[in-house]
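[1] coords below, sequence missing:
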DNA sequence: CTGAAAGCGCTTACAG
DNA sequence: CTGAAAGCGCTTACAG
C-alpha cells in the first residue's frame, strides 16, 4: 500500500521488476493463465502487486485482447422505472462477472441507434445488451458486429439474436383474466401500437376466451404523460370502460392521475391492472395489481448468454407472475 | 459503406494506405490536430474513412492518450428517481462532448466504493462524477487519482473537490416557509441523519425565523420504504404534526402510502412538501409541492467542470425553485 | 504540410 | 515452469 497514492501509475513492468520475473509471468498470475506458474513465483508476484498497489491498465488490456471488460447496454430511457431497475440489476450481475456497464439511452436526440451501436463496438465492449426495438438494418448492423449479444424484452423481429424475455401475452392474459374474474365485462387496453408487443394480443385472447368483446383500445407512449393522456380518454369515454389493462405500471400511474382529477374512482368506477411490477406500484394509490417481471432471473439469464455464447441460444422466456393489490378491486394486505 | 459489415475491423493503417498518406496524417485529420493538414489531403483521408467504414479503436486511443472518452459516474442507486433523471441528463450532456457514461452503483454489495473508484481509474476514464458521500479516505483516494473530478450534490466534507450542488438549506427553507404561510405551526422533518445534509438545518432555520418550535424529527433512508416507515411514525405520533417536510420526493411518496393506509388525509390532516422535483411528483396524489432541483443546469455545470478543469473550481451552487401543487394545501392547475 | 518511428501497457504464441 | 519479443491500434514528438 506504500504507493497507493502515487501520481504516475505503476505498470506491469514495475511489478515484474519488483518480483524478479518477466512481465509475461505477471500476466499469467493475474489472469490465471494461459500458462501455469509455480506457487512460490505466484506468491512473489502477488506480493509485488500488493506492495506496489498495482492495477492493470484496462485500456492496454482491451487493446491487446480486442475486448474490454464492459457490457454495452442500450435502453430507450434509463429513467423509466422498469428500465432503471433493469439497469441496476444488470449492473449488479455484470459486476459479479467483472464487467462494467456502459449505458446508452437510445432516446438521445443527437445520435441514431446505429451510430450508438457502432460507438459501443469501437469501445471494444465484450458484450451487447439490447433492450429496445431494432429496425431491420440496425439488426443487421448488430449481427455484423460479431459481438456476444442478447436482446432483453420481446422485440419480435430479432429472431436471429439470442433473447431473454418475458411472455407478454401470458402476463397480460393473467392480468386480464383476473379482471374478468372480478366480473368486469368491458375491459379496455392501453399500450403499445408496436406489432411485436404481444400484450394487445394477450388482452384480446383473454377476452375472446371469456366470450367478451374487446373494449376500448388506446395506443400511447410508455411514459407518465402517455398514461395520463390515456387516462383522460378513458375518463371521457362513453360508455366508460369498467376496467382497463395498462401495458406498464408507469402508464398506469399516469392514468391514475388523470382519472382522479376527473373524479373517476379506481377501482370503484374503473378497475386497473398493469404490467412490470416496479417498486412504485406498491406505493401509489390504489396500489397496482400488476404482472411482475422476474428481473433477477432476466438479468441473470442475459448475463449468462453473454458470458457463454452458444451457437444456438434461441429465446429464453419467463412468465410474469400476477401480484394482486387494490387497483383491481381486491383488498390484500401490504407486502 | 462497402465494408460496413466486414468481420475483421479496418484500422488506421488501412485508411492511410487507401488515402496514400501516413497514419500520422490520418490522426491529424481525425483529431483536428495537433498538426495542420492540407485541405486536399484531408479530403482524401475523410473519403477513405467513409469508403472503408473506418472507426477508431477506442481502446488503442485510450492507451495511447492515457485517457478514454468516458466519464465515470458514482451514484448510490441509479433506480431512485432523482438519480435516474440525473444519469439520463448527464448521459445526454456527456454525449454532446463525446463522452460515454460508465455508471457505478455504490450500493453494490460486492465491492466497496474505494474499490469501485480504483476500477474506474484503471479504465482510464477522463473524468469522475461523484454523487455519493465520501469518507475521508475515499476522498484522499479520489484526489490521488489526479482525474478531473466533480462532486454533484452537497456532501459537505468534500471541500477539496470541485462541486456542483444545490442549496439544500435554501430549498428546504422555501418549502418550509411555504408551509408556514399556510398557517401550519407544527411542522415535522423527515430526512437524512447525515451532518452534511443541510436540509435539516434549513427546516430548523425556517421554523426559528417564524418563532415556531421544531416539530417531530425523523431520520430515515432515501427510499420509498424509508418514506413509508416515516409515514407510519407520523400517523401514529401524538399529537400528530400538522405538516411535514420530506427530504426527497421519493420519501414523500412512501410517506403518502403509509398515511393513506392509516386514514390520515393529505393535505387536510397533514400537509406535505418535499424536495427534488422528479417527474412522478406530478402524478401521485396529492401531487407534491416540492423544491425542484435544476437538473439541466446541474448536469451542464458538472460536465463543464470536467471538460475545463480549472485550478480553483470551488463550489457552483444552484437554488432550487419551489413548485407548488396540492400536497401542501394549495389548489393550482396542472403543469 | 507530411512521414518514419517510438511508445502507451498489456497478451500470448513461441522457444527454451 | 519461465522469458524474450512481437503485436494490438492508436498518438505525438521529432525530423524534414
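    Okay, I see it. Given the structure is predicted, the values throughout are model-derived calculations rather than measurements.
[2] going forward, measure contacts and count neighbours with C-alpha atoms only.
    OK.
[3] thought residue A:216 was touching residue A:189?
    Yes. Using Cα atoms under 8 Å, residue A:216 is in contact with residue A:189, at 6.3 Å.
[4] looking at these two, which is more packed in?
    Between residue A:216 and residue A:189, counting by other Cα atoms under 10 Å in any protein chain shown, residue A:189 is the more crowded of the two (26 against 18).
[5] just how off-centre is the helix or strand that contains residue A:89 within its chain?
    Here residue A:89, judged by DSSP states H and E, is contained in helix A:81-96. Distance, stretch centre to chain centre, for helix A:81-96: 7 Å (Cα atoms, centre = their mean, to the nearest Å).
[6] give me the buried positions along that helix.
    By 16 or more other Cα atoms under 10 Å in any protein chain shown, the buried positions in helix A:81-96 come out as A:81-95.
[7] hmm, that helix touching chain B?
    Yes. Applying Cα under 8 Å from any Cα of the partner chain, one finds helix A:81-96 touching chain B at A:81, A:84-85, A:87-88, A:91-92, A:96.
[8] may I ask you to confirm that residue A:102 belongs to a strand?
    Yes. Residue A:102: assigned to a strand according to DSSP: H, G, I helix; E, B strand; the rest coil.
[9] surely it touches residue A:73?
    Yes. Between residue A:102 and residue A:73 there is a contact at 5.9 Å, judged by Cα under 8 Å.
[10] the two: which is more packed in?
    Just comparing residue A:102 and residue A:73: by other Cα under 10 Å the higher neighbour count belongs to residue A:73, 27 against 24.
[11] for the more buried one, which three-state class applies?
    strand.
[12] contacting residues around it?
    Applying Cα atoms under 8 Å, 6 or more residues apart in numbering or on different chains, we find residue A:73 in contact with A:101-104, A:128-131.
[13] am I right that residue A:215 is in contact with residue A:189?
    Yes. Residue A:215 lies in contact with residue A:189 (Cα under 8 Å); the separation is 7.1 Å.
[14] setting aside sequence neighbours, what's the nearest residue to the spatially most central residue of chain A?
    The C-alpha lying nearest the average C-alpha coordinate of chain A belongs to residue A:86 (Cα atoms, centre = their mean; 3.9 Å). Among residues not flanking residue A:86 along the chain, residue A:295 sits closest, at 6.6 Å (Cα to Cα, 6 or more residues apart in numbering or on different chains).
[15] what is the neighbour count of residue A:181?
    By the criterion of other Cα under 10 Å, residue A:181 has 11 neighbours.
[16] what pLDDT is listed against it?
    On the pLDDT scale, residue A:181 is placed at 97.
[17] against residue A:122, how distant is it?
    Computed as Cα to Cα, to the nearest Å, the residue A:181 to residue A:122 distance reads 53 Å.
[18] all strands of chain A, in order?
    Using DSSP state E, the strands assigned to chain A run over residues A:70-75, A:100-105, A:127-131, A:149-152, A:163-166, A:187-191, A:217-219, A:243-246, A:271-276, A:289-292, A:315-318, A:321-323.
[19] okay, now the sheet partners of the last one, with direction.
    Sheet neighbours of strand A:321-323, with direction, are listed as strand A:289-292 (antiparallel) (DSSP bridges).
[20] for the strand it pairs with, what does the pLDDT average out to?
    For strand A:289-292, mean pLDDT rounds to 98.
[21] identify the residues contacting that strand?
    A:171-172, A:174-175, A:249, A:272-278, A:281, A:320-328.
[22] now that strand: how far from the chain's centre is it?
    Relative to the centre of its chain, strand A:289-292 is centred 17 Å away, using Cα atoms, centre = their mean.
[23] and stretch A:258-270, by the same measure?
    That offset, for stretch A:258-270, works out to 31 Å (Cα atoms, centre = their mean).
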